[in-house]
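> Model the structure of this input:
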Amino acid sequence: MTSPSVSSVGKETKAQKTERLKRAMNPWEGLEQIRRFAREGFHSIPPEWIGTYFRWWGVYTQGDGAGVVGGKDGQGRALPYFMVRIRIPNGLLRAEQLRAIAGLSRRYARGVADLTVRQNIQLHWVTIEALPELLEELWRVDLNTTGSCGDVTRNITGCPVAGVDADEICDASALALEADRMLAGNAEFYNLPRKFKISITGCRVWCAYPEINDVGLTAMERVVRGEREIGFSLRVGGGLSTEPYLGARLNVFVRWNQVLPVIKGVAELFRDSDIREHRERARLKFLFLRHGWTPQEFQQELEHRTGLRLDPAEPEQPPDDVYRDHIGIHAQKQPGYCYVGAPVLRGRITPEQMEAAADLAERFATGELRTTTMQNLLIVHVPRFQADELAKELDAIGLPVNASPFRRGAIACSGTEFCKLAITETKSFSRWLVEELEERLPEFDQQLKLHVAGCPNSCGQHWIADIGMEGKKLKVNGQMLDAYYLCLGGALGLNQGIARPVGFRCLATEVPDALERLLRRYLADRKPGENLRRFFARHSDAELRTYLAGEFIEAVVRDLPEGRVPAGVEG
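Got it, this is the predicted structure:
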């Protein structure tokens with residue numbers, strides 16, 4: 001007996017359509033189809049490739065510059081151009097690889113490239129005709145785009161100074177690379193319910209944000225029978241989007257040789273879980289948020305799945321208000337060497353800057369660079385006596401090592417410039433905002449995270465920022481203008497917590513005024529040693545709104561829109 005057709009039981013939902021398409025084909029087996037599309041042109045690409053399959057290759061169509069406005073079904077209009085996301089596990093780059101990306105950006109992407117919050121590099125304006133050649137050039141320098149989007153394991157993040165950090169517990173980058181080889185492109189894991197994010201770090205400051213990953217492994221050590229042993233603490237189910245959830249810590253100590261089986265076990269558990277009915281609730285975190293799972297139940301299922309009997313967790317030391325951006329000149333564990341970190345404002349980097357940075361890495365060091373989760377760029381293995389000269393050279397190409405707190409802390413998603421789901425423009429806004437704050441508050445001395453998200457989906461990670469901005473629209477004189485809703489006091493580590501929506505919304509053009517008022521109040525009223533998080537924590541939403549507005553105002557509702565969630569637009 002045959003199953004009833006979709007038409008006989010009602011309209012096919014988006015989730016049902018996506019699951020049907022995934023069952024029909026593993027997109028990673030479609031390279032020859034991509035080559036055919038390149039020969040025959042954009043018009044030859046069927047809808048299932050445009051809307052689904054390309055994402056498994058780190059590729060999707062970019063918007064027309066208006067974002068979600070003017071589109072339908074919660075998504076804006078697409079252009080016949082693609083964003084291509086390059087996978088960079090643990091943020092590890094060689095100079096020849098960055099130089100190759102610069103060349104691809106110039107030839108195929110109109111010189112537009114962005115560093116992302118998952119240590120990737122994205123290119124824009126890529127045509128279908130150029131796509132096969134672009135992929136092949138990446139493969140020639142040991143780079144790829146496999147699984148950078150889609151319902152698969154995304155780029156595996158890790159500490160960008162792994163192996164050189166003078167205070168690290170261990171260099172865990174080898175595990176990140178092994179996990180990447182195990183999952184990316186593996187047909188066993190091409191069909192997950194949704195995206196799957198992993199972070200593995202051996203540093204003490206958790207700079208890869210394990211708290212907001214589906215799997216977050218942080219190094220720790222214990223002493224067994226007088227012997228020091230390095231293992232990992234494990235968190236599962238973290239994620240942001242419209243319903244943020246910080247990962248649940250399991251009561252386990254994961255030994256080094258158990259890391260890969262544990263990661264594989266969590267991926268299998270996620271793959272086989274019954275959460276595919278609604279795409280907006282098909283992330284691992286919803287086992288806890290909607291399906292009633294507890295960390296204890298998850299651990300039991302994981303141990304059953306892997307056959308491992310994991311040791312109980314050891315006490316850990318989450319970082320206490322540690323800034324995680326790696327900017328500046330820092331001594332390495334290797335005597336006489338240091339690493340040099342420079343902020344890439346809003347993540348936007350030009351071909352000329354990439355080529356110059358690659359040249360500098362070879363001229364001053366060993367040709368090794370790193371990307372970070374704060375959209376920044378590092379050069380490692382720099383002789384200490386040359387670090388200041390390198391800093392001057394980076395400053396000369398627009399990557400200042402000695403940057404203001406605003407420039408260091410700014411993060412921005414793609415926004416309406418390229419994203420079909422965005423409500424506001426973010427990249428130019430972020431640059432303008434930073435420049436305004438630098439001019440208005442040159443005396444500001446507090447490190448802060450200043451995150452801009454062009455919509456509620458939080459690709460700009462506004463939920464974990466000191467000051468997070470969520471894109472909105474406001475009607476003024478009959479015209480819809482960009483606006484932002486502010487969330488304050490987000491933090492990770494020892495004092496983890498989601499940023500508070502304080503009920504303040506204003507036009508984008510009014511944000512610098514509001515932030516200047518808020519930060520001047522902080523400078524005037526802070527207690528000795530009090531950072532922004534603590535300052536925000538001891539004030540009510542009404543007080544913070546008053547500081548932002550300059551007068552008492554009633555709270556504004558966030559007006560979270562109903563609608564579809566992206567298949568994976570964040571980096």
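
> Please count neighbours and contacts with C-alpha atoms only from this point.
Will do.

> Low-confidence bits of the stretch 151-300 of the chain, can you list those?
Scanning the stretch 151-300 of the chain for pLDDT under 70 picks out nothing.

> what about the residue nearest the centre of the chain, helix or strand, and which?
By Cα atoms, centre = their mean, the mean C-alpha position of the chain lies nearest to residue 117, the distance being 3.0 Å. For residue 117, there is no enclosing helix or strand under DSSP states H and E.

> ok, the spatially closest residue to residue 253 that is not a sequence neighbour - contacts?
Nearest residue to residue 253, sequence neighbours excluded (Cα to Cα, 6 or more residues apart in numbering): residue 313, at 4.5 Å. By Cα atoms under 8 Å, 6 or more residues apart in numbering, residue 313 lies in contact with 233, 250, 251, 252, 253.

> for residue 96, what are its contacts?
By Cα under 8 Å, 6+ apart, the contact set of residue 96 is 141, 358.

> can you list the domains in the chain?
Listed domain ranges for the chain are 15-140, 162-306, 408-549 (source: automatic domain parsing).

> Can you list the residue ranges for helices in the stretch 101-250 of the chain?
Shown for the stretch 101-250 of the chain, the helices assigned by DSSP state H, counting those that start in this stretch span residues 131-140, 173-183.

> Pull out the buried residues from the first one.
With burial defined by 16 or more other Cα atoms under 10 Å, the residues of helix 131-140 counted as buried are 131, 132, 134, 135, 137, 138.

> So the first one versus residue 428, what's the distance?
Put plainly, it is residue 131. 27 Å (Cα to Cα, to the nearest Å).

> What pLDDT does the model give residue 111?
As predicted, residue 111 sits at a pLDDT of 98.

> Let me know whether it touches residue 354 as I believe.
No. At 10.6 Å, residue 111 and residue 354 do not qualify as touching, with contact defined as Cα atoms under 8 Å.

> okay, and the common contacts of those two?
Common contacts of residue 111 and residue 354 (Cα under 8 Å, 6+ apart): residue 102.

> For the two, indicate the residue with more neighbours.
A count of neighbours by other Cα atoms under 10 Å puts residue 354 above the other of residue 111 and residue 354, at 23 against 18.

> Out of the contacts of residue 313, which sit inside strands?
Residues of the contacts of residue 313 located in strands (DSSP state E): residue 233.

> Residue 345: which of the contacts of residue 313 is nearest?
Using Cα to Cα, residue 233 comes nearest to residue 345 of the contacts of residue 313, at 32.7 Å.

> closest to residue 466 among the contacts of residue 313?
Among the contacts of residue 313, and counting by Cα to Cα, the member closest to residue 466 is residue 233, at 25.8 Å.

> Give the bridge partners for that closest one, please.
When bridges are called by DSSP bridges, residue 233 pairs up with residue 218.

> For residue 221, see how far away it is.
10 Å.

> Skipping adjacent residues, who's closest to residue 254 in space?
residue 232 (4.9 Å).

> which sections of this protein are below the confidence cut-off?
For the chain, the ranges with pLDDT under 70 are 1-9, 560-571.

> who's in contact with residue 431?
Counting by Cα under 8 Å, 6+ apart, residue 431 makes contact with 345, 346.

> where's it relative to residue 411, distance?
Residue 431 is 10 Å from residue 411, by Cα to Cα.

> Mind listing the shared neighbours of the two?
Listed as contacting both residue 431 and residue 411 by Cα under 8 Å, 6+ apart are 345, 346.

> which helices and strands does the helix or strand hosting residue 303 pack with?
Here residue 303, judged by DSSP H and E, is contained in helix 295-306. Packing contacts for helix 295-306, counted by 3 or more Cα pairs under 8 Å, 6 or more residues apart in numbering; DSSP states H and E, involve helix 259-272.

> The helix it packs on - contacts with which helices or strands?
Packed against helix 259-272 by the contact rule (3+ Cα pairs under 8 Å, 6+ apart) you find helix 173-183, helix 295-306.

> Looking at the ones you listed, spot the one closest to residue 366.
Judged by Cα to Cα, the one of the helices and strands packed on helix 259-272 that comes nearest to residue 366 is helix 173-183, at 17.9 Å.

> Thanks again, I'm all set now.
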